[in-house]
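>>> sequence and computational prediction follow.
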Amino acid sequence: YLDTRKPKNFPPGPKWKPFLGCALEVAGIKKRTGSFLKATAELASKHGPVLGLKVGKQKLVVVYDFQAVKEFLASDDLAGRPFGEFYEMRTWGKRRGILLVDETFWHEQRRFSLRQLREFGFGRRNMSTLIQEETQELVNYIFKSIHHRDSIIFEMTTLFNVHVLNTLWSMMAGVRYKHDDAKMKELQAILTELFGTVSMVGATFSHFPVLKYLAPELSGYKIYVNAHLKIWDFLRRELEHHKTTHDPNEPRDFMDVYLNVLKSSEEAGDSFSEEQLMALCMDLFMAGSETTNNSLGFAFFYLIKYPEVQKKAQMEIDAVLGKHRVPTLEDRPNLPYVECVVLESLRMFGGRAFTVPHRAIRDTELCGYTIPKDVLILANLHGCMMDPTSGYDNPEEFVPERYMINGNVAVPDTFIPFGFGKHRCLGETLARANLFLFIASLLQRFTFSVVADQPPTEEWRDGVTPGPRPFKARVVPRV
Ligand code: HEM
């Protein structure tokens, strides 16, 4: 804590003070600019694209521009997973860390999850039919809410929550919930609470661990632990249910396939265990819900802000599907403009986000600087996709046409909302399928517009994942 000397050749950044490191300076800029993302972008413009920070006891490197991000994400030395928080897990009666699947096991668990997601299909349901069920549930819910009126006003940032969680939870445990289901709402509330207390680089208590004991509430530790315990409990109950109803010949979902692997000793590597299954579900849950929700939030934020984009997408949908044929993933090649709306929504989300933090697994180099072992390092993707120097014309504008090149959909190298390299998002296929089907299905049946005198604010919400601030839209059925 008291050491203010920087390691030799450490990336440049603000001066370090005893105990705090440069936390105060960063917090000051964060307060002025409104987010940690903008604060680190500003510091990178002053100190350079590889920024060295120290927040409390934690040394941290933030990488900003595309060339540096490319070198970072391609480096095997910088592909470690951060250590999770450890605390008492009453449910299992012993001490364990549950934030993340253990690094030594991650490789095998990641490969298993990727294969399940790629071969997605349990019983008669594949990824498209599963998401279609959710999109049509939402369409019906909106029609039901409109009832005999001409239109309805919805708060848009929460409209998709349950349905997005359902796509994850159906895949993992074969369970889906109704739009108003109390249990699912509770789970969503826990996730939202949790995401509000931490940022991508951890929470106040992880930088100043003594606060866990001195100020458990103020430092967010209590909320963090309680939220984890509640989710852990939720997952454990589902796992117990699976164990009693599991038929090895007819796996219904991810949990069943995993239980099959556990049963067949030659297939199961060392990394497979019930606890790892729970931690894996936790990871997928955490990584997949807010990201997809907020990307959809940005999509509809911009669709009401740019009605001409919405109209153009609707015309394409009408021409290909008409008003009633439900969009499926097979329609993707025939709806290139909708696909471009998806890409631009992902840029609006990703360009305001960080990658997950990685850990240096040994002393190494990045762009000529020394990164000591165990230092946390992450990329600020604003530099790649939204900075004026990122190569996108008017990067703050929502322009789906930018991906339409000679009639084909194409993205530049700098388009990396899912990262790349060893930790590239493993839910990319599911996330893109969700975005495409939700956007296409809703625009087919409804028009979304700004509510008079309640225009959405341009300010967005910082947190583990960025999102638009709550905003309302008027929803009118298309006849
Ligand atoms: C629009 C939605 C999404 C976006 C923009 C997104 C973006 C990202 C990014 C930027 C990373 C970090 C890559 C890196 O550090 O190199 C990541 C990692 C990850 N994502 Fe996603 N993600 C989304 C949805 C999902 C979904 C739906 C799932 C689960 C089904 C998921 C699971 C994961 C996991 C498990 C990781 C960690 C991978 C690893 O460390 O090896 N994500 N995602």
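Nice, I can see it.

>>> so which bits of the stretch 251-400 of the chain are right by the ligand?
Proximity of the stretch 251-400 of the chain to the ligand, by CB under 6 Å from any ligand atom, involves residues 283, 284, 287, 288, 291, 292, 295, 346, 349, 350, 355, 356. C-beta: built from backbone N, CA, C; applies to glycine.

>>> let's see which of those residues end up in strands.
Using DSSP state E, no member of these falls in strands.

>>> distance of the residue lying farthest from the centre of the chain from residue 473?
When distances to the mean C-alpha position of the chain are computed (CA atoms, centre = their mean), the maximum falls on residue 148, with 36.9 Å. Going from residue 148 to residue 473 by CB to CB, to the nearest Å gives 20 Å.

>>> and what of residue 388?
30 Å.

>>> now do the end-to-end distance for stretch 450-458.
Distance across stretch 450-458, first residue to last, is 13 Å (CA to CA, to the nearest Å).

>>> cool, stretch 380-400 as well?
From start residue to end residue, stretch 380-400 stretches across 23 Å - CA to CA.

>>> cool, and stretch 348-359?
One end of stretch 348-359 sits 27 Å from the other (CA to CA).

>>> where along the stretch 51-200 of the chain do the helices fall?
Ranges of helices in the stretch 51-200 of the chain, per DSSP state H, counting those that start in this stretch, are 66-74, 103-118, 127-146, 161-173, 182-197.

>>> can you say which of those is packed in most?
Comparing the helices of the stretch 51-200 of the chain by mean neighbour count (mean count of other CB atoms under 10 Å), helix 161-173 comes out on top with a mean of 23.

>>> tell me what that one is packed against?
Packing partners of helix 161-173 (3 or more CB pairs under 8 Å, 6 or more residues apart in numbering; DSSP states H and E): helix 127-146, helix 182-197, helix 254-263, helix 274-305, helix 428-445.

>>> hmm, try it at 10 Å
Contacts defined by 3 or more CB pairs under 10 Å, 6 or more residues apart in numbering; DSSP states H and E place helix 161-173 against helix 103-118, strand 121-122, helix 127-146, helix 182-197, helix 221-245, helix 254-263, helix 274-305, helix 428-445.

>>> gap between it and the chain center?
Using CA atoms, centre = their mean, to the nearest Å, the mean C-alpha position of helix 161-173 is found 14 Å from that of the whole chain.

>>> that one to helix 274-305, inter-axis angle?
Calculated by axes from the mean of the first three to the mean of the last three CA atoms, to 10 degrees, helix 161-173 forms an angle of 150 degrees with helix 274-305.

>>> got the CA coordinates for helix 161-173 in PDB?
Extracted in PDB, the C-alpha atoms of helix 161-173 (Å, rounded to 0.1, in the frame of the first residue of the first chain):
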ATOM      1  CA  ASN A 161     -34.700  -8.500 -19.200                       C
ATOM      2  CA  VAL A 162     -36.800 -11.600 -18.500                       C
ATOM      3  CA  HIS A 163     -36.800 -12.800 -22.100                       C
ATOM      4  CA  VAL A 164     -33.000 -12.500 -22.400                       C
ATOM      5  CA  LEU A 165     -32.500 -14.300 -19.100                       C
ATOM      6  CA  ASN A 166     -34.900 -17.000 -20.400                       C
ATOM      7  CA  THR A 167     -32.800 -17.600 -23.500                       C
ATOM      8  CA  LEU A 168     -29.800 -18.200 -21.200                       C
ATOM      9  CA  TRP A 169     -31.700 -20.100 -18.500                       C
ATOM     10  CA  SER A 170     -33.600 -22.400 -21.000                       C
ATOM     11  CA  MET A 171     -30.300 -23.300 -22.600                       C
ATOM     12  CA  MET A 172     -28.600 -24.000 -19.200                       C
ATOM     13  CA  ALA A 173     -31.400 -25.500 -17.200                       C
END
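
>>> ok, the residue nearest to residue 393 when sequence neighbours are not counted - contacts?
Spatial nearest neighbour of residue 393, chain neighbours left out: residue 402 (7.0 Å); criterion: CB to CB, 6 or more residues apart in numbering. By CB atoms under 10 Å, 6 or more residues apart in numbering, residue 402 lies in contact with 340, 343, 344, 347, 392, 393, 394, 395, 410, 411, 412, 415.

>>> shouldn't residue 144 be in contact with residue 179?
Yes. Residue 144 lies in contact with residue 179 (CB atoms under 10 Å); the separation is 9.3 Å.

>>> taking this structure, what residue is nearest to the ligand?
Relative to the ligand, the nearest point of the chain is residue 427 (2.0 Å; CB to the nearest ligand atom).

>>> which phi and psi does that residue have?
Main-chain torsions, residue 427, degrees, to the nearest 10: phi -100, psi 10.

>>> would you agree it is in contact with residue 435?
No. Proximity of residue 427 to residue 435 does not meet the contact threshold set by CB under 10 Å, at 11.6 Å.

>>> now for these two: what residues contact both?
Residues touching both residue 427 and residue 435 by CB under 10 Å, 6+ apart: residue 292.

>>> just give the nearest non-adjacent residue to the residue most central in space within the chain, would you?
Centroid-nearest residue in the chain: residue 291, 2.8 Å away (criterion: CA atoms, centre = their mean). What sits nearest to residue 291 in space, not counting adjacent residues and going by CB to CB, 6+ apart, is residue 465, at 5.4 Å.
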